[in-house]
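>>> Attaching a predicted model along with its sequence, questions to come.
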Amino acid sequence: MRKIRVLVAKVGLDGHDRGAKVVARFLRDAGFEVIYTGLHRTPQEVAMAAVQEDADVVGISLHSGAHMTLVPKVINYIKEYGGDPDEIVILVGGIIPEDEFDELKAKGVDGIFIPGTPIAEIVEFIKEMVPKKKEKARLKKTA
Amino acid sequence: MEVEEIVEGIFGGNKRALARAITYVENDYPEGKEVLKRIYNKTGKAHIVGLTGFPGVGKSTIVSKLTQEFRKRDKKVGIIAVDPGSPFTGGALLGDRLRMDGFDSSKQLWVDPGIFFRSMSSRGRAGGLAAKTGDVARLMDAFGFDVILIETVGAGQSEVDIIEVADTSIVIMMPETGDDIQINKAGILEIGDIYVVNKADLGGAEKTEKWLKAMLMMDQEAVSLLEKTTHADEMAVESGRIYELLHKKGWIPPVIITIAERGEGIKELADAIEDHFEFLKSSNLIVERRKKRMSKELFDLIMDEIKRELTAGKFNYKEIIEKVVSNELDPHTAAEKLVKEMLTKG
C-alpha cells in the first residue's frame, strides 16, 4: 500500500516549533512518513520541498499571524514549480483566528487545526482527505 | 501521471515527473517498473556517492556542505537521504532535509534548479538503505545529475548495504567513538573508499585519524604495496609516513578531517571524491564494481520472479509442499525437482 507522505513545514519569521515537532512525532506514530523542514523556510522552499518529496499532505505551522500572506504563497509556488495543489491536502496549524477560517479555506486550505486539537482528529482527517482529493483531481483532469 | 508523461518529463528536466516516478518505484507500482525499464539506457553516467556513519556523526551536514561545494564546481546534485522507518507502525520521521542550509541568499539550496533532494524511509529494512534506493538513484541518473549523494540511515557496525549501490563509499566517524580495536572491527569500517573524521573541533580527532590510518595500512592492498617499500617498519606505519608514501601508488583510502558545520575540510573531501571517481575510471575498476553489483541485483530480481511464479501456484508448488509435509518427499529433493522442472518447462 502506498504510504502517505506528510511535509510538516515552518514558514517565515516564526520560531515556535514545539507544536510542529509534536505533531510530526504523532503523525509518525500514526504510520505516516513525515518530512520536517526545520525553521524559517520561505514559501518557495516549502513549495519546492512539497514537489520534490511528492508530499500527499503539506501541513504549515504558523504562530506569527502571517498566515493570510504566507499560506497562499506556498500554494501558488507549488503550482509554479509544476506541482498540483488540487492533489495535495493543505493543512494549517497554530494560532489562527476563527473568523479567518473561511477566508483561508477559500484560498485553498483543506483543514485548520488550532492548539488543543486532539491528534486523532488530524490523523483521521488526513486519512479521509488524501484519497478524496486525489480522486477529485483525477476526475477534474479527465473531465 | 502516466508512464509516458513521466519518462518524457524525466528526460526533459521536469522535477515533478521525477518526484512522481520515485513515489511509484518506492511503492512498487507497476508504473514504476515500466519507467525504470524505459530510462535504463540513459543511466550509468552519474557518480553515485554513499555516505554512512553513526547517528549524529554529521552525515546530513556533510551532505549539505558537499552539495554546495559541488554546485560551485558546476555539478548538478541529486540527494537521497534515508532515515529509519518504524518496524512497529510503519511511520517515519524524515529529518535530513532540514540540515540543508547555509547557502548564500542569492542561490538558495532548496530551490536551486541544479539540486533535487528526496527523503526516503528505510521502511523497517536493515542494512542502512531502503529497498528501492538503487532504483531511485537510477531515476536521478537518467534525469541528468552529475553526482548523486546517498545518505544512509545512521548506521551501527554492520550496515554495509551502501556498497551495493554506490561507486564511492564514504565512512564518517568522529572523535571518541572508540579505540583502535573498535576501528579494526569488521563491518562498516571495511567498506570505505574515503574516511572522514568529522567534528574535529571536539578534540581527539588526531587519535582517531592515526588509528584509521594504521587500520588502513593493514588492508591487503596496502600490505602488498608495503612489501615493495623499504620503509616497512612498524614505526613508519604508526607515524603515517608510509601511509602518505603509498597514497600516491594505488588507492589507499584517504582520511579527511572535517568540521562540517564550519565548512572546514569540505573542499578536500570533494577533491577526494572526484579523485576516487577518476581512479575508478582510469583503472577500469568502475566496470568491475558495477558488474559485481549487477550480478547481485540481477540475482535478486530473478529470485523475485521465481517467488512470484511459485506463489501464483505454478509448478504444483502447493501440492509439493503437501507432499513434503506428509513425508512423501524430502525438502531437498523437492527443491531440486522443482528447479529442474522450471528450467525444462519454462
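Looks like it came in fine. Note that the coordinates shown come from a computational prediction; the quantities given were computed from them, not determined experimentally.

>>> Spatially, and excluding backbone neighbours, which residue is closest to the residue of chain A found nearest chain B.
Relative to chain B, the nearest point of chain A is residue A:38 (3.1 Å; CB to the nearest CB). (C-beta placed from N, C-alpha, C; glycine too.) Distances taken as CB to CB, 6 or more residues apart in numbering or on different chains place residue B:98 nearest to residue A:38, at 3.1 Å, with adjacent residues excluded.

>>> is it true that that neighbour lies in a helix?
Yes. Per DSSP: H, G, I helix; E, B strand; the rest coil, residue B:98 lies within a helix segment.

>>> What is the neighbour count of residue 19?
I went with chain A, as the question did not name one. 19 (other CB atoms under 10 Å in any protein chain shown).

>>> Let me rephrase: I mean chain B.
Count around residue B:19 with other CB under 10 Å applied: 23.

>>> hang on, the earlier thing: report how many residues lie close to the residue of chain A closest to chain B.
17.

>>> That one: what secondary structure?
Quick answer, by three-state DSSP: residue A:38 is coil.

>>> ditto for residue B:149
strand.

>>> Could I get the full set of strands for chain A?
A:5-10, A:33-36, A:57-62, A:89-94, A:111-113 (DSSP state E).

>>> Report all helices and strands that the fourth one contacts.
Here strand A:89-94 touches helix A:18-29, strand A:57-62, helix A:67-80, strand A:111-113, helix A:119-142, going by 3 or more CB pairs under 8 Å, 6 or more residues apart in numbering or on different chains; DSSP states H and E.

>>> how about these in JSON lines, adding distance to chain B and mean pLDDT?
Shown next, in JSON lines, are the helices and strands packed on strand A:89-94 (distance: least, CB to the nearest CB, whole Å; pLDDT from 0 to 100):
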{"stretch": "helix A:18-29", "distance to chain B": "4", "mean pLDDT": "94"}
{"stretch": "strand A:57-62", "distance to chain B": "13", "mean pLDDT": "97"}
{"stretch": "helix A:67-80", "distance to chain B": "9", "mean pLDDT": "95"}
{"stretch": "strand A:111-113", "distance to chain B": "19", "mean pLDDT": "97"}
{"stretch": "helix A:119-142", "distance to chain B": "10", "mean pLDDT": "93"}
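
>>> Which per-residue confidence value corresponds to the residue of the stretch 201-346 of chain B found nearest chain A?
The stretch 201-346 of chain B approaches chain A most closely through residue B:261 (14.7 Å), counting by CB to the nearest CB. Note on residue B:261: pLDDT of 92.

>>> in terms of contact, does residue B:277 touch residue B:45 like I think?
No. Using CB atoms under 8 Å, residue B:277 is not in contact with residue B:45, being 11.4 Å away.

>>> Which one's more surrounded, the two?
The neighbour comparison of residue B:277 against residue B:45 (other CB under 10 Å) goes to residue B:277, with 18 against 10.

>>> Which residues are in contact with that one?
Neighbour list for residue B:277: B:47, B:167-168, B:286 [criterion: CB atoms under 8 Å, 6 or more residues apart in numbering or on different chains].

>>> Could you save the helices and strands packed on strand A:89-94 as CSV and add columns showing distance to residue A:44?
Shown next, in CSV, are the helices and strands packed on strand A:89-94 (distance: least, CB to CB, whole Å):
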stretch, distance to residue A:44
helix A:18-29, 19
strand A:57-62, 13
helix A:67-80, 5
strand A:111-113, 23
helix A:119-142, 23
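
>>> which of those sits most buried?
strand A:57-62 (a mean of 26; mean count of other CB atoms under 10 Å in any protein chain shown).

>>> ok, that one: who's next to it in the sheet?
Strand A:57-62 pairs in its sheet with strand A:5-10 (parallel), strand A:89-94 (parallel), by DSSP bridges.

>>> residue in chain B nearest to chain A?
Taking CB to the nearest CB, chain B has residue B:98 as its residue nearest chain A, at 3.1 Å.
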